[in-house]
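Novice: 3D, please:
(2 chains)
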There are 2 protein chains.
Amino acid sequence: MARNITPKEENYSQWYLDVIKAAELADYAPVRGCMVIRPTGYAIWESIQAKLDAEFKKTGHVNAYFPLLIPDSFLRKEAEHVEGFSPELAVVTHAGGEELEEPFAVRPTSETVIGYMYSKWIQSWRDLPVLMNQWCNVMRWEKRPRLFLRTSEFLWQEGHTAHATSEEAREETLKMLEVYRKTFENELAIPVITGQKTVGERFPGALDTYTCEAMMSDGRALQAGTSHFLGQNFAKAFEIQFQNQAGELEYCWTTSWGVSTRSIGALIMVHSDNDGLIIPPRIAPVKAVILPISKDESVAANEIFPKAKELSAKLDEELGGMFTKVDTDFHMRPADRFFTHLQKGVPLRLELGEKDLQAGTVRFVRRDTGEKVDVKSENVIPTVKKILDEIQDNLYKRAKDFRETHTHDAKTYDELKEIIDKEGGFVRAYFGGTPEDEVKIREDTGATPRCILPGDNKGKCFLTGKDDARLTIFAKAY
Amino acid sequence: MARNITPKEENYSQWYLDVIKAAELADYAPVRGCMVIRPTGYAIWESIQAKLDAEFKKTGHVNAYFPLLIPDSFLRKEAEHVEGFSPELAVVTHAGGEELEEPFAVRPTSETVIGYMYSKWIQSWRDLPVLMNQWCNVMRWEKRPRLFLRTSEFLWQEGHTAHATSEEAREETLKMLEVYRKTFENELAIPVITGQKTVGERFPGALDTYTCEAMMSDGRALQAGTSHFLGQNFAKAFEIQFQNQAGELEYCWTTSWGVSTRSIGALIMVHSDNDGLIIPPRIAPVKAVILPISKDESVAANEIFPKAKELSAKLDEELGGMFTKVDTDFHMRPADRFFTHLQKGVPLRLELGEKDLQAGTVRFVRRDTGEKVDVKSENVIPTVKKILDEIQDNLYKRAKDFRETHTHDAKTYDELKEIIDKEGGFVRAYFGGTPEDEVKIREDTGATPRCILPGDNKGKCFLTGKDDARLTIFAKAY
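Specialist: Numbers count the residues shown, from 1 in each chain, chains lettered A, B, ... in the order given. From the prediction side, this is the model:
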């Protein structure tokens, strides 16, 4: 067990921060609640960005960039929206040496300013659908910051689309939810439950919010991505109108959807262990590290290093999308070098020592299981590929098994309370209550409704006793 | 000539804005001085980003992300720096519903906050060099905004590096200048002159600023990228120290370098004509557009479109990095469809009409020259490749010839004044004056020293008569 990492069983919050520190993923900034994303952390974000961006483009979306500052009056145009975001705004009151006539909010999200621009660009049904996305920073002032999970500034993508019909906008909302689900499951190896949010948990201004909920390794839920059906709320507030084929003016139907650097927090909490970070191979910026090792520093540097370089180049070339790194910290003890890469979560370590060279083998060490195996030189390339796939599958399976083991059903409020209190994890229960009921449940138990499961599965509400309640996941959440 | 574009000879500023509007590159935002980068403009930025980012990574740099907000006290730590940027700051005074104890500036550049973090991360010579870059938005309040050229918010990359020696930091400064030069010349087809800035034009806080200066098609200069040798100024202000191999504490030597969305302004002004935008093929998001054409809308849509799709897929697959688009605006007149792509600057148009199909040919139309040629179907792929290369070369050559024709030498101040007044363009003259002299020249002529040419070329200063003056480019600038 790593001495610089508190075991998660002892103090989960401290474990989380220790893993981040040991892997050099992020640091607190000298600005309250803000973070610095360090190169190792940012490379993970670039990797997530690349996967999502490719999917956005495949589904016909284009990127654009809208201004950071939002006039105060814009936020006020949609009543629920301003109510939801006002307490979290950072406000620019002075610029260019003068006090501004109207203060600007640093964008907490961009429905308003994008809505304003759409109203100028959209005239006719021929201009629809408009399918845009932006990659940017946003700011929501945070009193209890936590690296990646809750920071006053964070990075994200926000998609904003406008459609001629309600059906098409709903279809888009669900399409992007599915893009998120696939990316989380197939690339980040994070199993997610997709479904609708309850009324109390909706995005301010949305008619419906859909979510991807993931279970962290302490049993809590984390909302990893959301997709909102905004109806005509923002179209009416910003007059986003189009002339239909019959020549009449209609309001557009809009959607928005986002995934942020929070997803890195999920990645850390789902996969990592008491030795530090574990990154799934498909997201890992460095998929394998090669270590030339010898008791004699100069043998390692001069004789083994060139062979390691060669192997690295071959792997980079022959395995598409592979990126390997050769460790050159010859001055460090091998155990310390192993430790560095272990803590940084590199999926696969390839050791190249003098004995290995003599035997014509390379020692493989898996990050997820610690398993060691000596592989003949001629089999190294296919074996790297095979083992990386196995690690990816194993991480997903491990996380899914954990979620299933930690999901329970409750028929009554007492049952729900007891599970949340004693077992934690997810509780499945039929719920048909109001936003006020949601507040009461949170106050009683600390848990909130995370998502309504899709499908026609209906039953008696555990709280109100009403029929036709929807099967809903409850959990304590990040 | 396009009716929606003012000829550049008539009104260059209006021409510039008309080109942007016709190509849908950007729009003014509803926030004073800010812009919205529309998808066509943003795709160009993504293309520039991809080229630069690959070069940064090849030269050993890693990306990171630092906070948007900078404490007021940080900016005050470097005297010249705060003096240079204070008049342009946007200031956050309220957040989370409260007035802040210390106001934050929205970053105008990040030397200060990055310096602060470096002082925490760097301990020993083994930690050096630190070679980081960030892609982000910055804000410098602008009283006379102009799309892409001067906007209160813009996008850029800022590289920040720390080194053990002055020599290494200087080498880095020049290495990144060269990365910029190559990217501008080889990818954006913009010839640039690289050299040092005069004292009066340096970055606030730098010991030396190097620049890439380009000539726009009205003869004015535009600073397209800068690279700064910061000496130990910021290291001293933020205590960025390291223990050297002898165990002594030393201050680091730092650099910073940046290219912004201004480069899109340069791209527009260097290449475009009175018909609208022209994008060099290597930067163009869409390199060729294929138009299925027929007088009969349904023939175009049902019979020719599938063949166009097929050609598009083949081009995308066989020519690496190629991206083609098939035009499906069958309801528009062919002339209007041509016009759209002309104005958007797509390098190559491939027309697929009924006659072409019968003759087994495709009609090629070059954006840069308007030249038309019918190419046999079996030769289409290699010809696309060849013609795109020719367009790239032609645009570079055209811009370079223009610059050479519009560059003159001056031996006296009167000569310089007369050239600036009557010919415009670049003036080469030996200059050895002070920052006060630079102010006087600007007041007299509107021109500023753009860059000191590299090399040992020295002579008598045209203004002061002093010997050993350096050969310097003067011009009116954006």
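Novice: count the neighbours of the spatially closest residue to A:Lys143 that is not a sequence neighbour for me.
Specialist: With C-beta to C-beta, 6 or more residues apart in numbering or on different chains as the criterion, A:Lys143 has its nearest non-adjacent residue at 6.5 Å, and that residue is B:Gly96. Every C-beta, even on glycine, is put in place using the N, C-alpha and C of the backbone. Residues near B:Gly96, counting by other C-beta atoms under 10 Å in any protein chain shown, number 17.
Novice: B:Gly96 reaches A:Glu88, doesn't it?
Specialist: Yes - the pair B:Gly96 / A:Glu88 is scored as a contact, 6.5 Å apart, by C-beta atoms under 8 Å.
Novice: please enumerate the shared neighbours of these two.
Specialist: A:Trp141, A:Glu142 (C-beta atoms under 8 Å, 6 or more residues apart in numbering or on different chains).
Novice: what bridges to the closest residue in space to A:Ala288 that isn't next to it in sequence?
Specialist: Leaving aside its sequence neighbours, A:Ala288 sits nearest to A:Leu348 (C-beta to C-beta, 6+ apart; 4.2 Å). Listed by DSSP bridges, the beta-bridge partners for A:Leu348 are A:Ala288, A:Arg366.
Novice: what residues sit buried inside the lowest-mean-pLDDT helix or strand in chain A?
Specialist: Within chain A, confidence by mean pLDDT, DSSP states H and E is lowest for helix A:79-85 among all helices and strands, at a mean of 85. For helix A:79-85, a neighbour-count test (16 or more other C-beta atoms under 10 Å in any protein chain shown) marks A:His81, A:Val82, A:Gly84, A:Phe85 as buried.
Novice: closest one to chain B out of these, please.
Specialist: For those, the minimum distance to chain B (C-beta to the nearest C-beta) is 11.3 Å, reached by A:Phe85.
Novice: and the pLDDT at the residue nearest to A:Ala288?
Specialist: pLDDT recorded at A:Leu348 is 97.
Novice: check A:Leu25 too.
Specialist: Listed pLDDT for A:Leu25 reads 98.
Novice: for it, what are phi and psi?
Specialist: Note on A:Leu25: backbone dihedrals following degrees, to the nearest 10 are phi -80, psi -40.
Novice: SS state for A:Ser73?
Specialist: helix (DSSP: H, G, I helix; E, B strand; the rest coil).
Novice: and the gap between the residue of the stretch 301-450 of chain A found nearest chain B and A:Ala300?
Specialist: Residue nearest to chain B within the stretch 301-450 of chain A (C-beta to the nearest C-beta): A:His331, separated by 8.2 Å. Using C-beta to C-beta, to the nearest Å, A:His331 is found at 10 Å from A:Ala300.
Novice: looking at these two, which has the bigger crowd around it?
Specialist: Set side by side, A:His331 and A:Ala300 show more neighbours around A:Ala300, with 24 against 11, by other C-beta under 10 Å.
Novice: quick revisit: B:Leu52: which of the buried residues of helix A:79-85 is nearest?
Specialist: A:Phe85 (34.6 Å; C-beta to C-beta).
Novice: how much space between that closest one and A:Leu350?
Specialist: 49 Å.
Novice: what does A:Pro39 give?
Specialist: 22 Å.
Novice: over to A:Leu207?
Specialist: Distance from A:Leu207 to A:Leu350, by C-beta to C-beta: 52 Å.
Novice: the more surrounded of the two?
Specialist: Ranked by neighbour count (other C-beta under 10 Å), A:Leu207 and A:Leu350 place A:Leu350 first, with 25 against 17.
Novice: show me what from the stretch 201-350 of chain A comes close to chain B.
Specialist: Within the stretch 201-350 of chain A, no position lies close to chain B (C-beta under 8 Å from any C-beta of the partner chain).
Novice: strands of the stretch 201-350 of chain A, start to end?
Specialist: A:208-215, A:221-231, A:241-243, A:249-251, A:253-260, A:288-293, A:324-326, A:348-353 (DSSP state E, counting those that start in this stretch).
Novice: and the longest one, what does it pack against?
Specialist: Using 3 or more C-beta pairs under 8 Å, 6 or more residues apart in numbering or on different chains; DSSP states H and E as the contact definition, the elements that strand A:221-231 packs against are helix A:166-182, strand A:208-215, strand A:253-260, helix A:262-271.
Novice: between helix A:262-271 and the first one, find me the angle.
Specialist: I take that to be helix A:166-182. 40 degrees (axes from the mean of the first three to the mean of the last three C-alpha atoms, to 10 degrees).
Novice: what's the following helix or strand after helix A:166-182?
Specialist: Note on helix A:166-182: by DSSP states H and E, the next helix or strand toward the C-terminus is strand A:192-196.
Novice: now do that next one, average pLDDT.
Specialist: Here the average pLDDT along strand A:192-196 is 97.
Novice: against which helices or strands is that strand packed?
Specialist: For strand A:192-196, the packing partners by 3+ C-beta pairs under 8 Å, 6+ apart are helix A:166-182, strand A:208-215, strand A:448-452.
Novice: what pLDDT is listed against the most centrally placed residue in chain A?
Specialist: Computing the C-alpha centroid of chain A and ranking residues by C-alpha atoms, centre = their mean puts A:Ser263 first, at 1.8 Å. A:Ser263 carries a pLDDT value of 98.
Novice: could I get the contacting residues of the nearest residue to it once chain neighbours are set aside?
Specialist: Distances taken as C-beta to C-beta, 6+ apart place A:Ala224 nearest to A:Ser263, at 5.6 Å, with adjacent residues excluded. Going by C-beta under 8 Å, 6+ apart, A:Ala224 touches A:Tyr180, A:Phe184, A:Ile190, A:Val192, A:Thr211, A:Cys212, A:Glu213, A:Ala214, A:Val259, A:Arg262, A:Ser263, A:Ala266.
Novice: what sits closest to the third one if chain neighbours are left out?
Specialist: Just to be clear, that refers to A:Ile190. A:Ile190 sits nearest to A:Phe184 (C-beta to C-beta, 6+ apart), 4.6 Å away.
Novice: do the first one as well
Specialist: When the adjacent residues along the chain are set aside, A:Tyr180 lies closest to A:Gly225, with 3.9 Å between them (C-beta to C-beta, 6+ apart).
Novice: repeat that for the fourth one.
Specialist: With sequence-adjacent residues excluded and distances taken as C-beta to C-beta, 6+ apart, A:Val192 is closest to A:Cys212, at 4.0 Å.
Novice: the one you found: neighbouring residues, count only.
Specialist: 27.
Novice: which residues does it form beta bridges with?
Specialist: Beta-bridge partners, per DSSP bridges, of A:Cys212: A:Thr194, A:Gly225.
Novice: for the buried residues of helix A:79-85, which two are the farthest from each other?
Specialist: A:Val82 and A:Gly84 (7.3 Å).
Novice: run a quick neighbour tally on the residue of the stretch 351-478 of chain A found nearest chain B.
Specialist: Nearest residue of the stretch 351-478 of chain A to chain B, counting by C-beta to the nearest C-beta: A:Tyr478, 19.6 Å away. By other C-beta under 10 Å, 19 other residues sit near A:Tyr478.
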